[in-house]
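1. Predicted model follows, preceded by the sequence.
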Amino acid sequence: MNLKRALSFDDVLLIPQYSEVESRSEIKMNQRLKNVGEFSLPIISSPMDTITGYEMSRAMHAAGGIGIVHRYNTIKEQVKIASGVTSLGTICGAAIGMGDDFVERAIALVNTGVGFLCIDVAHGHHSKMRYALQTLRKTMGDSIHIMAGNVATLEAFNNLADWGADSIRVGIGGGSICSTRIKTGHGMPTLQSIMDCSLSDRDAALVADGGIRNSGDITKALAAGADFVMVGSLLAGTDETPGKTIETKRGKMKAYRGMASKEAQWKWRGRVSSIEGVAAIVPLKGPVDGVLSDLKVGITSGISYSGATDVASLQAKARFIQQTTSGQVESSTHIRRI
């Protein structure tokens, strides 16, 4: 058996290069989604029921990014949230699944004025995805942007693009509360999936999704070929996430859970099938704007370290190096704390 080596975010570093950037204000991260618009922050909030609802969608738009309203409720409930967002002139996406009502849900959401639809499933390289994409294209034409995923390989990326996807979520099993790789033995390090899928000659945006823990990982994802990154854990616990604040002995917390967790499935399905996620509580972080501002500072600095001034020039100039285990230790903060 000829095994391929697959690299994760921790396995690599970007090599610092000659730069003439004098200030982070010179860095522009603007990225465009076809038929949707241009965004100054290439970050998308994940369509999870503990991450993106009304308030997060508004906050992401205000920061220059994108929120995708989760689908884990009735059509009527999701439409109410989406309508509330779009009525204020805010651009957001809305997630749908591939169940029996996916066309009905899609039409109802498009009628609210959402900027795009996101077909949100764990394993997107599937005959049901082909049917869903082709059906939506026949129903709605080419004017509505459709994001789809998730996938892990170049073949899958190309297939979804050929079936009608305008943007594709890349990454399987890398999320902080995802247990797909443990439960099924399947997946691929997200960075490797990005590198592989970036070789596609299809006109579809690449959305890196999973395993992204900090601004350094975001910079690496963009350098490797991602057009946008999707995040969940980085935003978990912020004021704008859905759900109540939980008082504990450790302080104020909020819920964060994978949508394939037992807890999530019981709530939105009323039953449990395959469990490929976990539920947790995380410390309250305060307003999401503070988190996004910190990420933005890190990303702009990262772009400048490669001598670049935007995402396109970062991707052209970026040079990766693989580091050893000792290098990974050295790369982290390692002072003894007292």
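-> Noted; the coordinates are in hand. Residues are numbered from 1 along each chain as shown.

2. ok, now how distant is G174 from V229?
-> Distance, G174 to V229, using CB to CB, to the nearest Å: 12 Å. Yep, even glycine has a C-beta here, placed from its N, CA and C like the rest.

3. what does V12 give?
-> From V12 over to V229 the distance is 16 Å, taken as CB to CB.

4. out of the two, which sits in the more crowded spot?
-> V229 (28 against 20; other CB atoms under 10 Å).

5. what residues are shared contacts of G174 and V229?
-> Both G174 and V229 are contacted by D209, under the criterion CB atoms under 8 Å, 6 or more residues apart in numbering.

6. burial of the nearest residue to S143 once chain neighbours are set aside, as a residue count?
-> Nearest non-adjacent residue to S143, counting by CB to CB, 6 or more residues apart in numbering: N35, 6.2 Å away. N35 has 13 neighbouring residues, counting by other CB under 10 Å.

7. ok now do N35, which residues does it touch?
-> Contacts of N35 (CB under 8 Å, 6+ apart): F116, D142, S143, I144, H145, D166.

8. I figured I96 was touching V121, is that so?
-> No - with contact defined as CB atoms under 8 Å, I96 does not count as touching V121 (9.6 Å).

9. Those two: which is more packed in?
-> I96 (25 against 19).

10. per-residue pLDDT, the more buried one?
-> Note for I96: predicted pLDDT of 98.

11. show me where the stretch 1-150 of the chain has helices.
-> Taking DSSP state H, counting those that start in this stretch as the criterion, the stretch 1-150 of the chain carries its helices at 54-62, 75-86, 102-110, 127-140.

12. hmm, I was thinking of the stretch 151-300 of the chain
-> So, for the stretch 151-300 of the chain - with DSSP H, counting those that start in this stretch - the helices run 154-163, 180-184, 190-197, 215-224, 262-268, 288-305.

13. Need the ones you listed in TSV (columns: distance to G67).
-> Below are these laid out as TSV (distance: least, CB to CB, whole Å):
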stretch	distance to G67
helix 154-163	22
helix 180-184	24
helix 190-197	21
helix 215-224	17
helix 262-268	19
helix 288-305	10
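
14. show me the contacts for L41.
-> M29, A63, G64, G65, L292, K296.

15. Can you give me the buried ones in the least confident helix or strand in the chain by mean pLDDT?
-> Lowest by mean pLDDT, DSSP states H and E among the helices and strands of the chain is helix 262-268, with a mean of 79. Residues of helix 262-268 classed as buried: E263, A264, Q265 (neighbour count, 16 or more other CB atoms under 10 Å).

16. what packs against it?
-> Under the contact definition 3 or more CB pairs under 8 Å, 6 or more residues apart in numbering; DSSP states H and E, helix 262-268 sits against strand 279-283.

17. got the CA positions of the strand it packs on in PDB?
-> Extracted C-alpha coordinates of strand 279-283, given in PDB (Å, rounded to 0.1, in the frame of the first residue of the first chain):
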ATOM      1  CA  ALA A 279     -21.100  18.700  23.600                       C
ATOM      2  CA  ALA A 280     -19.200  21.100  25.900                       C
ATOM      3  CA  ILE A 281     -19.400  24.300  27.800                       C
ATOM      4  CA  VAL A 282     -16.900  27.000  27.200                       C
ATOM      5  CA  PRO A 283     -16.000  30.200  29.100                       C
END
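
18. So which residue is dead centre in this protein?
-> Centroid check for the chain by CA atoms, centre = their mean gives M230 as the closest residue, at 1.5 Å.

19. And stretch 297-316, what's buried?
-> Quick answer for stretch 297-316 (16+ other CB under 10 Å): 298-300, 302-311, 314-315.

20. mean confidence for it?
-> For stretch 297-316, the mean pLDDT works out to 97.

21. so how far is the first residue of it from its last?
-> With CA to CA, to the nearest Å as the measure, the ends of stretch 297-316 fall 21 Å from one another.

22. try stretch 22-41
-> First-to-last residue span, stretch 22-41, CA to CA: 20 Å.

23. That stretch: how far from the chain's middle?
-> Chain-centre distance of stretch 22-41: 17 Å, with CA atoms, centre = their mean, to the nearest Å.

24. give me the low-pLDDT residue ranges for the protein?
-> Applying pLDDT under 70 to the chain flags the ranges 334-338.

25. Let's see that with 80 instead.
-> For the chain, the stretches with pLDDT under 80 are 260, 262, 264, 266-270, 272, 274, 333-338.

26. how about I44, what does it touch?
-> Counted by CB under 8 Å, 6+ apart, I44 has contacts M60, G65, I66, G67, I68, G93, V207, F228, V229, M230, V231.

27. And the residue lying closest to V121 once chain neighbours are set aside, how far from M48?
-> Nearest residue to V121, sequence neighbours excluded (CB to CB, 6+ apart): M98, at 6.0 Å. Shown here: M98 relative to M48, a distance of 17 Å by CB to CB.
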